[in-house]
Each structure stands twice: as structure tokens, then as C-alpha cells.
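>>> mind folding the following:
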Amino acid sequence: MSPPTPGPLDDSRRTLLLFTFAVSRGILSAEEAAAALATLRGSSAGPLRSGASLAHDALGPWWSDLEETARGALLREVELLRADEGRAELAVLTSPIPDAEKRAWWGADASRIAAGDVVVDIDFSAGVTFTKGTGSEPRTLTLPRLAPEDRYQVQREVARGGMGRILLAKDVTLGRNIAVKEILSGGAEDAASPDDVERFLREARITGQLEHPNIVPVHELGQRADGRMYYTMKLVRGETMEKRLGGVQRDERLSDGEKLAKRLKLLDAFVDVCQALAYAHTRGVVNRDLKPSNVMLGDFGETVVLDWGLARVAGTEDRARQDVERLTLTLNPSGDGAGSSKLTLDGAIMGTPSYMSPEQARGEIESVDEKSDIYSLGAILYEIVTGVPPFTGGSAMDVVRAVGTREPPAVSAVEPLAPRELEALIRRAMARDRS
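Modelled structure (predicted):
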């Protein structure tokens, strides 16, 4: 059944707006939204009607799988724009959903909205133009629709991992520098596998749904003309907590007491990380890979948790489980035959397992939960206070065995000057008794 001829925010346009918000929240990709909309157009169910229940299963399996609170939140967003056609059209225009579905559900290639002496011309193919004033010299601002290759001007590569790379780029539409994470594909020697693509999309969507000051914001998830997936993020200039801690320990000019004082200056940043994890836990998200190398310390006091690629979301299939198991059990052998102190996941160095919870180290993935993240927070605090990770070893497997079977050395034994209240906090967070 074809959608009815749309009017101002009728059922057809409300349906498209619902999918628009689902894409912007990282619940669906633009391609998944387009496929679901096309299926819905060809079905007998038709669009989401006014007053429809949350169980409008014809919208697709993604809708049925969403928690009721998430469905209600999307519907409320749609209703908030019901009386604001201009904002609704702008939301649809800037969505990466293919133009064919926008035209089919919105019912027009272009439209004009007038408010006082401001005229907004919206063209789903070209972009949006704002004109102020009706005299002989009206002021006009045009925001063209640009392909990713034109909108994001790459300046340099910042980092490269097993499945992707981070680029410093300029968003010419908004005139700001951003970070672009791009999956490796095509002719690249280390091209991404289908599992890598799934992991990449999962990371972008989970991170995009976690809107918190201490979690890196995701701006857009999209696909280039050559098929490469990418997502854009806030650019945080600074260094990781791992690098900051290492720099303090290597500074031979500092006494032991001065090193401790410098490390304790990171407590404010540590509290920010705790706030980010507390928020994620309220959203049913468990990180499972928390460590100093995944915490960025910005030049202006920002603290941002970066990597959510191994996270689990409550109420959904644990698609990262296999990755977590491989992270726990896979070794990266060195050239001389000795075990490396690093673990790998399809070629991506994941760091030492010193911050891993005991249950994860033992391979008890079903038991990894919010308390496991708290253990990892305790392990990070251990290093802030003592200057060394709680567990070390000659190889990654040595560290995994130690994490899974032993208590870490007492904080006061490693750092006699450690504040006793922090030692007690670490002991509580890293307690092996999970009750």
C-alpha cells in the first residue's frame, strides 16, 4: 500500500520523522531505515497513525525489539514537532536516509516556509536556503547538501587500528574540526572483515546513544560513495590517561612524593569517568573494556571515555560476546617465542589485561556486569595511587591468570604514602567477593 498524499505532519510524515529520529539516535542505520520504510510502503499496514500503540509491529523488527521506554521517547520526539513543520522538515532534510524514501513519505521534492520576513526554501536534493528581508538586497544563507567526501575535508591520519583509522577533518558545513573514524575496506591491505563492520556499527550506535559530557559525542554515522562506513565525533585534543600516568612515572626529576602528588591530580578526571559509567549503567550499558588508554584527558580539562566497542546493552543480543571472549583468551606472540604482555583482537592491540575483572579473566562472560566495570574502575584508581597497574607479568596470559586467581598487592605495600581512604576504596571496588 502506498502512503497517502502527505499534508502538514500527517501520518505519513510522522512515520518518516520517527525513522529520522531512530537514525539520529543510532538505533538504525540510514540503509536499515530505508529498507524498513520501503517494506512498509509495500505492506498493507501503512504508516504509523495518530494514537497508534507502541506495538505497531509493521514498523519492523527493530521497533518490536526496542524497550517500551525507548519507543515512547521516539514517539514523544515526533509529537513535539507535530506543530512545527519547519523544524520537522529540517530534521528530515539533514537525515542520511536516502532521498527516494524522503520523497515517497514526505510527498514533495521541495517546499517553502515563510515566517515574518524570513523565507526558508527546502530542497531534499540540494539543501536549504534562508532568506531574510524582502527588499532589493535580501540576505541569503545557503546550506548545501554535501557528500561526505566534500563535507569532511581530511587533514591527516591520527591513529590506525586493526579495523579502522581515526582522521582529523574539517566539517566545512559547520566550520569546525572533528574526528572521523573510518573503517578500512576496499583495497586496504588490512581491510575490514564482515565481523569488523558489525563491530564498527555496534560501537557507533552504542556510543551515539550515550549522551553524557564525559562520553565522546557521535555526530553522524554514514557511508562514503566507495562503500566505506564512517562516523564523526567531537575532536578532543589532549592525551590519554595512560600516557599521562606513564609520563609522571618516567620523570626522573620528581621524587616519589612529587610523583604521587601529580598522579592524585587525576582524581577529578577519575570522578568524571565514574560519572560516565554510572550514566551508562542507568542505560543498561556495560563497558567491559575500561582502561586508562580509553580515557582522553583534554587540554582544557575535559575527560572523555572513548571506546565502547565491546559494550553490552541490556535487553539486546550480546553481539560483542565473541569479541570479549577472544580478548580474554587470544595472545599475540612475540618474535622470540616469549608471550607478549598485550592481547589482540583481529590484529587490534587491546592493551594489557591488568584492568580486566576476575570473572572476565576466567572466561565467565555471562557474569560480566556493572560490578565488573566497578572492578575496572578500582584497577584504574589503583594505578593512579600507586603508579603501576594492579597486575603485571611477563606475558598477557600470566596477567590473565593472576587477575583470575589472586588479589593485587596491597596498595600501601606498593605506595607507602598512599592516602588510606583511597586504599580502602580500591580494596572495596576490587573485592573478589561480588556480594
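
>>> show me the chain divided up by domain.
Taking automatic domain parsing as the criterion, the chain consists of the domains 1-105, 109-145, 149-234, 238-429.

>>> what about the closest residue to P96 other than its chain neighbours, neighbour count?
The shortest distance from P96 to any non-neighbouring residue, by CB to CB, 6 or more residues apart in numbering, is to A30 (3.9 Å). In short, each C-beta sits where N, CA and C put it, glycine included. For A30, the neighbour count with other CB atoms under 10 Å is 19.

>>> dump the residue contacts of A30.
23, 95-98, 221-223 (CB atoms under 8 Å, 6 or more residues apart in numbering).

>>> could you list the low-pLDDT ranges of the stretch 301-435 of the chain?
Scanning the stretch 301-435 of the chain for pLDDT under 70 picks out the ranges 319-320, 322-352.

>>> to clarify, my last question referred to the stretch 151-300 of the chain.
Ranges of the stretch 151-300 of the chain meeting pLDDT under 70: 162, 185-192.

>>> which stretches of it form strands?
152-160, 164-171, 176-183, 218-223, 229-234, 238-240, 285-286, 295-298 (DSSP state E, counting those that start in this stretch).

>>> out of those, which is the most enclosed?
When these are scored by mean count of other CB atoms under 10 Å, the highest mean neighbour count falls to strand 285-286 (a mean of 22).

>>> parallel or antiparallel, list what pairs with it.
strand 312-313 (antiparallel) (DSSP bridges).

>>> and D289, how many neighbours does it have?
24.

>>> doesn't D307 make contact with it?
Yes - counting by CB atoms under 8 Å, D289 touches D307, with 6.2 Å between them.

>>> just to revisit the earlier point, minimum distance to A83: which of the strands of the stretch 151-300 of the chain has it?
Smallest distance to A83 across those (CB to CB): 27.2 Å, for strand 218-223.

>>> which strands or helices does the closest one pack on?
helix 30-41, helix 194-209, strand 229-234 (3 or more CB pairs under 8 Å, 6 or more residues apart in numbering; DSSP states H and E).

>>> which stretches of the stretch 51-200 of the chain form helices?
61-65, 68-80, 85-93, 99-106, 148-151, 194-209 (DSSP state H, counting those that start in this stretch).

>>> strands along the stretch 301-435 of the chain, start to end?
According to DSSP E, counting those that start in this stretch, the strands that the stretch 301-435 of the chain contains are 303-305, 312-313, 343-345, 348-351.

>>> just to revisit the earlier point, now the helices of the stretch 51-200 of the chain in JSON lines, with distance to D171?
JSON lines is the format used below for the helices of the stretch 51-200 of the chain (distance: least, CB to CB, whole Å):
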{"stretch": "helix 61-65", "distance to D171": "28"}
{"stretch": "helix 68-80", "distance to D171": "24"}
{"stretch": "helix 85-93", "distance to D171": "17"}
{"stretch": "helix 99-106", "distance to D171": "21"}
{"stretch": "helix 148-151", "distance to D171": "6"}
{"stretch": "helix 194-209", "distance to D171": "17"}
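
>>> how about those in TSV, adding mean neighbour count and distance to T131?
Formatted as TSV, the helices of the stretch 51-200 of the chain follow (neighbours: other CB atoms under 10 Å; distance: least, CB to CB, whole Å):
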stretch	mean neighbour count	distance to T131
helix 61-65	14	39
helix 68-80	15	26
helix 85-93	19	14
helix 99-106	19	22
helix 148-151	14	23
helix 194-209	20	33
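
>>> next, the contact list for the spatially closest residue to V403 that is not a sequence neighbour, please.
Spatially, and ignoring its direct neighbours in sequence, V403 is nearest to A361 (4.0 Å; CB to CB, 6+ apart). Listed by CB under 8 Å, 6+ apart, the contact set of A361 reads 328, 353, 400-401, 403-404.

>>> tell me which of these fall in helices.
Residues of the contacts of A361 located in helices (DSSP state H): 328, 400-401, 403-404.

>>> next, give me the two most distant ones among those residues.
Most distant of these, by CB to CB, are T328 and R401, 11.5 Å apart.

>>> in terms of neighbours, single out the busier of these two.
Shown here are T328 and R401; by other CB under 10 Å, T328 has more neighbours (23 against 16).

>>> on that earlier part again, okay, the helices and strands packed on strand 218-223 in JSON lines with distance to F19 next?
Formatted as JSON lines, the entries for those read as follows, by distance: least, CB to CB, whole Å:
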{"stretch": "helix 30-41", "distance to F19": "4"}
{"stretch": "helix 194-209", "distance to F19": "15"}
{"stretch": "strand 229-234", "distance to F19": "19"}
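
>>> which one of the ones you listed lies nearest to R434?
Comparing these by CB to CB, helix 194-209 comes nearest, at 24.3 Å.

>>> now for that closest one, which elements pack on it?
Using 3+ CB pairs under 8 Å, 6+ apart: helix 194-209 touches strand 176-183, strand 218-223, strand 229-234.

>>> CA atoms only for it, dumped as PDB, please.
Extracted as PDB, the C-alpha positions of helix 194-209 are listed here (Å, rounded to 0.1, in the frame of the first residue of the first chain):
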ATOM      1  CA  PRO A 194      32.300  -8.500   7.900                       C
ATOM      2  CA  ASP A 195      32.700  -9.000  11.600                       C
ATOM      3  CA  ASP A 196      34.700  -5.800  11.800                       C
ATOM      4  CA  VAL A 197      31.900  -4.000  10.000                       C
ATOM      5  CA  GLU A 198      29.300  -5.300  12.500                       C
ATOM      6  CA  ARG A 199      31.600  -4.300  15.400                       C
ATOM      7  CA  PHE A 200      32.200  -0.900  13.900                       C
ATOM      8  CA  LEU A 201      28.400  -0.200  13.500                       C
ATOM      9  CA  ARG A 202      27.700  -1.500  17.000                       C
ATOM     10  CA  GLU A 203      30.400   0.800  18.600                       C
ATOM     11  CA  ALA A 204      29.000   3.800  16.700                       C
ATOM     12  CA  ARG A 205      25.400   3.200  17.700                       C
ATOM     13  CA  ILE A 206      26.100   2.400  21.400                       C
ATOM     14  CA  THR A 207      28.300   5.400  21.700                       C
ATOM     15  CA  GLY A 208      25.800   7.600  19.900                       C
ATOM     16  CA  GLN A 209      23.000   6.600  22.400                       C
END
